[in-house]
Structure formats: C-alpha cells, structure tokens
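K.L.:
Got a predicted structure here, sequence first:
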Amino acid sequence: MRVVMIGSGYVGLVSGAGFAEMGNDVVCADIDEAKIERLEAGEVPIYEPGLDALLERNVAEGRLTYTSDVPAAIETAEAIFIGVGTPMRPDGAADLSAVDAVARAVAEHAETECVLVCKSTVPVGTNARVRRILADVGTKTTVHVVSNPEFLKEGAAVDDFLRPDRIVIGVDEDDEFARDRMERLYHPLQLDHDRIVWMEPASAELTKYVANTMLAMRISFMNEVAALCEKVGADVHEVRHGVGSDARIGPKFLYAGPGYGGSCFPKDVKALVHTARDHGLELDLAVATDRVNQRQKGLAFRKLRQHFDGHLMGKRVAVWGVSFKPKTDDLRESASLTLIDALIADGATVVAHDPVGMDNARAIYGDQVTFVDDAYEAARGADALVLMTEWRQYQSPDFGRLAKLLARPLLLDARNIWSTYGTREMGFTYEGIGVRGS
C-alpha cells in the first residue's frame, strides 16, 4: 500500500519504518527541509534503539523514501498518517495548528480515495475537526478520516510498533472502506491473534489520554506513598512489592522517583484536564496527579539542599543522567532539568554526564553546565553525586572509585537503584526516595 507519514519526528519515523518493514511503499514527508536532508544522508535525528538499522534497511530495499514536497507525496497516497507534533499550549490545551495544516493540504492535493489517519496524540473532537476542515476546503476525492493513536514507549518504540499490545482504531461503524484499509495495513501484526480494538473516533482519541493519565497517576501516587514511608519508617520497595503482588494491581509503574517527564505524560495529563474543563467537568484525580508530579520534580533539589543546610553556593554537584528516562535522548520535562536549573540558580557548579542526552543538554545550557564524556570524571571533586536517570551503566558503579573521587561522600539516589548496596558501610552518606537506605 502507498503510505505517507506527514511529520518525520518520533512518531512518523518509527511508524513509517514499521510500515515499510511490513512491505508497504512508505514516504516520510516533512516541511523541515534540513531534517529531510539529514535523513537522506543517513542521519537519524532522534535516538531510539533499533530505529537506525530499520530505516537503513528499508531505504536500501527501496520501500522507504523521504521528501519535503508534502503536496506531491499526498497526491497518490492510499493512506496518509498525521504524525506531526501537538505541543502543549500555556493553558494546557494541545496546539493543533500543525494538524490543521495537514488536513488542509490533504484537502487540496489528494487525488486518490484514501484514509487520513490521525496518529498524533490529539484531544477528543479532533477527528471531527479534521472532517470540518476537509469539508470547508473541499476535496477532489473521498477522504475517510480515522483515529489511530500511537502507544510507543520511548526506548522501546520499534518493538512496540512491531509487537503491539493492542492497536486502537477509531472509525465510523458504517465506513467499510476505512475499516478495510486499516485492517489490511495492520494485518501482518495480527497473524497470531487479533490486536485491533475497533471503536468510534471519539473513544479512540480519549483512550490515549486516559491510558497515559492512569499510568501517570500510579507514579504520582507511589511518590506520595514514598513521602509517607519516610515519615513512618517504612520502605517503599517493600510496600511496592506487597501492593504489586495483588493481581488486580500488578507491579508496573509503582516505582518512586523524581517525577515523570517526557513528551507524553505531562502533556497528556494536562490536555485531559483541559478537555474535561471545556465540557464543564473537573477531573480531580488527574489534576492531583499533575500537581503531585510538579512537586516531586523539585524533591531531589530539596533533599540536596537539606544536606548543605540550605547553602549550595559554590558547591560542586555531579549529575548522572539528563534524559527523562534511559534509552532516549529526550530531555522534555526531565526532572534532571528541574534539578539543574535550581542548582544553577542557587550558585552551585554542575557537572553532568549522560550516555546519549548531552548534546541536547548542551543546546539548553551552553557553558552554564560542564558536560563530561566519562561518568566518573563528573564525580571528581564533587560535593555530591545525584543519580537522576537509571541508565544501565550507572546501576552498579565502582563505589570504591567513587569514594576516592568525591570530595564529600554524599550519594543522592533519585531512582533508588543503590538502596540495597550497603553504601553506608562503605562510608557514604546515602539518601534515596522513600527507602530506609543502603
């Protein structure tokens, strides 16, 4: 099938490569000519494990191409996916200007009956909004509008696309053309069992926001529980094991930490709250989830400040991890940035390391932060070492070497990775989040 992915960012590249891998003729289109030039030169603008090899293979085999000529790509496409960004506006709503632009372009240039698929994360009513734009502009052919939200985890996106838990598709019950096209597109992913969950477009749009908000809610709740554990002498690890053993609850997303970040959870929780308010409802649990997370993202700094009696001026702090989670270079809404911003404002010197995220961090901080290529070099002469992102290479460090490098043996473990290593017996001052300590 002739497939066009409009928007060659995270969603567009992963989805485009995935559809090409299944044998489709895919064009990844983007108005950003510089990005397309980089892709054509073999450069991948994002870090995602396995994506570079997938793109390279499908380009080499002729199933995947790139273009900045969006109108030409649209003309003969059988399936057009909207994979553009929907960033959060200051009021918490999603900015749909890029989605609107794609809808207008499809109305003006599509010459073959096709499905226009909303893959971007969009609020309820966007499917209907796109249809109105198509009607207002006028189309040369029939364009069927479908909602197909993505459920890709950064760091595991390729596997999520090729081996999905479910494929949510929102389509009108009587639109057989759209159903047939979508079923054909996803058929290779359904050979062992049926993964498609059919529903109305509004339900599909809402499913994405509800799923992410429920996961974010679990994280925020466990972060509150961790604070209670510190007050009453309990250990959040033990509580998590006990609670997660209940089959009705399960163990996932029950880890205390410095607060969730990334491109999805923060934006989607706020967007769900905004959507509800637009309809006269207040989603109290979603509001609280966001409020708790905003507070949690400042916890590492508050804990660090307590260790220095409120005086961080002139202190040297090593930060391990700047990306919001491992296996990605995405810094959006990262708790590490909240910590670094506060340290700089308090007059501390920050030395940071991250396996893949430092280039993006340099673009933000310039010479305000010292970035080093070796994690142990970051610890040299530091008054504290803060673990913010649980990259594999940080999980079992050489504590003897750290003891010699640090000016003061203070470990602040915002991920509770070192909580059972006996670091206090090694002479360190250790603090985690909601744990009795190492």
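P.N.:
The structure has been received and is ready for your questions.
K.L.:
Packing partners of the helix or strand where Asp52 lies?
P.N.:
Per DSSP states H and E: Asp52 is located in helix 51-60. With contacts taken as 3 or more C-beta pairs under 8 Å, 6 or more residues apart in numbering; DSSP states H and E, helix 51-60 sits against helix 10-21, strand 64-67, helix 157-162. To be clear about C-beta, it is placed using only N, CA and C from the backbone, and glycine gets the same treatment.
K.L.:
between the ones you listed, which one is nearest to Arg181?
P.N.:
Proximity to Arg181 (C-beta to C-beta) singles out helix 10-21 among the helices and strands packed on helix 51-60, at 12.3 Å.
K.L.:
For the closest one, give the mean pLDDT please.
P.N.:
On average, the pLDDT along helix 10-21 is 96.
K.L.:
Assign a three-state SS to Ala135, would you?
P.N.:
helix (DSSP: H, G, I helix; E, B strand; the rest coil).
K.L.:
Looking at per-residue confidence, what score does His193 get?
P.N.:
86.
K.L.:
Number of residues surrounding it?
P.N.:
Neighbour count of His193, defined by other C-beta atoms under 10 Å: 6.
K.L.:
again, but for Val124
P.N.:
22.
K.L.:
and the residue lying closest to it once chain neighbours are set aside, what helix or strand is that in?
P.N.:
Sequence neighbours aside, Glu205 is the residue nearest to Val124 in space, at 4.6 Å (criterion: C-beta to C-beta, 6 or more residues apart in numbering). Secondary structure assignment for Glu205, by DSSP H and E: helix 201-232.
K.L.:
how far away is His237 from Tyr255?
P.N.:
9 Å (C-beta to C-beta, to the nearest Å).
K.L.:
so what's in contact with the two at the same time?
P.N.:
Common neighbours of His237 and Tyr255 (criterion: C-beta atoms under 8 Å, 6 or more residues apart in numbering): Asn416.
K.L.:
can you redo the helices and strands packed on helix 51-60 as TSV with mean neighbour count?
P.N.:
Shown next, in TSV, are those (neighbours: other C-beta atoms under 10 Å):
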stretch	mean neighbour count
helix 10-21	25
strand 64-67	21
helix 157-162	20
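K.L.:
can I get those in CSV with distance to Thr112?
P.N.:
What follows is the helices and strands packed on helix 51-60, written out as CSV (distance: least, C-beta to C-beta, whole Å):
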stretch, distance to Thr112
helix 10-21, 17
strand 64-67, 17
helix 157-162, 25
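K.L.:
could you pull out the strands for this structure?
P.N.:
2-6, 25-29, 64-67, 79-82, 114-118, 143-147, 167-170, 196-199, 316-320, 349-353, 370-371, 384-387, 410-413, 429-431 (DSSP state E).
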